[in-house]
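# can't give you the sequence, but here's the structure:
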């Protein structure tokens, strides 16, 4: 994905696949089904309100992630840690199987691949998070305004005591078909975000060790390419 337009996606082979990964991160970063029928709250609106309320006061968010990209004949898994800060600062450190760094400083986004000694740069601001899964983590999404919300009935939860809901973008210009969010039924914490693309490919983010409102210096979201690094700038589409 283009930087800033979802969420980060899994790295594919070659430059094209890495560009794909940038696109998913900037999108970034969220199908729900209860583990048993009696776990489903009577009111879907209550779940939406609980999710909105859970992250509304989050000025920062940190945690660990495992990202899985699935396409015909492909299943690639990456993992690492992330830090986010309002209004649109991000730092995603991919540690396995290959080191990568995605940083958004409020004006630009950088995807740095040390093995290739290459960094891709694109303009990226807080407004570019609108309508992306990453927007949930900092409480910036007006869920009902941006999405049609239903229970997710096609997928099974990865863990017991989990709620699954499907969010379908109201905008016809979205770069994905729908999101599936896995929620804790008591706290409404996000456990898993699945991005279902128009092509049928998916990017899944398993989230853990999440902490809201930790103190994070703005320096965490600054990036200067190391000496000798090739810099590639992506131009905005007209």
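Looks like it came in fine. Everything numeric in this text was worked out from a predicted model, so none of it was measured.

# what about the helices in the protein?
In the chain, the helices defined using DSSP state H lie at 14-26, 44-56, 134-137, 143-146.

# helix or strand with the lowest mean pLDDT in this protein?
Using mean pLDDT, DSSP states H and E, helix 14-26 stands out as the lowest-scoring helix or strand of the chain, at a mean of 47.

# what is the burial count for residue 155?
Residue 155 sits with 16 neighbouring residues when counted by other Cβ atoms under 10 Å. All C-beta atoms are positioned from the backbone trio N, CA, C, and that covers glycine.

# touching, it and residue 180? I think so.
Yes - Residue 155 is within contact range of residue 180, at 6.1 Å (criterion: Cβ atoms under 8 Å).

# which stretches of the protein form strands?
With DSSP state E as the criterion, the chain has strands at 60-71, 74-85, 89-96, 100-104, 108-113, 118-123, 147-151, 163-169, 178-183, 190-196, 202-212, 230-233.

# who are the packing partners of the fourth one?
By that I understand strand 100-104. Packing partners of strand 100-104 (3 or more Cβ pairs under 8 Å, 6 or more residues apart in numbering; DSSP states H and E): helix 14-26, strand 89-96, strand 108-113.

# so which of the strands of the chain comes closest to residue 48?
Comparison of the strands of the chain against residue 48 by Cβ to Cβ identifies strand 147-151 as nearest, at 5.6 Å.

# pull out the buried positions in the closest one.
Under the neighbour-count criterion of 16 or more other Cβ atoms under 10 Å, strand 147-151 has 147, 149, 151 buried.

# next one: stretch 182-190
Judged by neighbour count using 16+ other Cβ under 10 Å, the buried positions of stretch 182-190 are 182-183, 185, 188-190.

# ditto for stretch 58-66
Applying 16+ other Cβ under 10 Å to stretch 58-66 flags 58, 60-63, 65 as buried.

# residue 107 and residue 126: what is the separation?
Separation of residue 107 from residue 126 (Cβ to Cβ, to the nearest Å) stands at 10 Å.

# what sits against the closest residue to residue 222 other than its chain neighbours?
The spatial neighbour of residue 222 that comes closest, neighbours along the chain excluded (Cβ to Cβ, 6 or more residues apart in numbering), is residue 105 at 5.8 Å. By Cβ atoms under 8 Å, 6 or more residues apart in numbering, residue 105 lies in contact with 89, 221-223.

# let's see it at 10 Å
88-91, 124-125, 218, 220-223 (Cβ atoms under 10 Å, 6 or more residues apart in numbering).

# ranking these by neighbours, who comes first?
When neighbours are counted by other Cβ under 10 Å, residue 90 leads the contacts of residue 105 with 28 neighbours.

# got the buried residues of stretch 182-190 as a markdown table, with pLDDT and distance to residue 235 columns?
Output for the buried residues of stretch 182-190, formatted as a markdown table (pLDDT from 0 to 100; distance: Cβ to Cβ, whole Å):
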| residue | pLDDT | distance to residue 235 |
| --- | --- | --- |
| 182 | 94 | 37 |
| 183 | 93 | 38 |
| 185 | 91 | 45 |
| 188 | 90 | 40 |
| 189 | 90 | 38 |
| 190 | 91 | 33 |
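
# which pLDDT value goes with the residue nearest to residue 222?
If you check residue 105, the pLDDT there is 94.

# any regions of the protein where pLDDT drops low?
Along the chain, segments meeting pLDDT under 70 span 1-42, 131, 133, 139-141, 157-160, 236-238.
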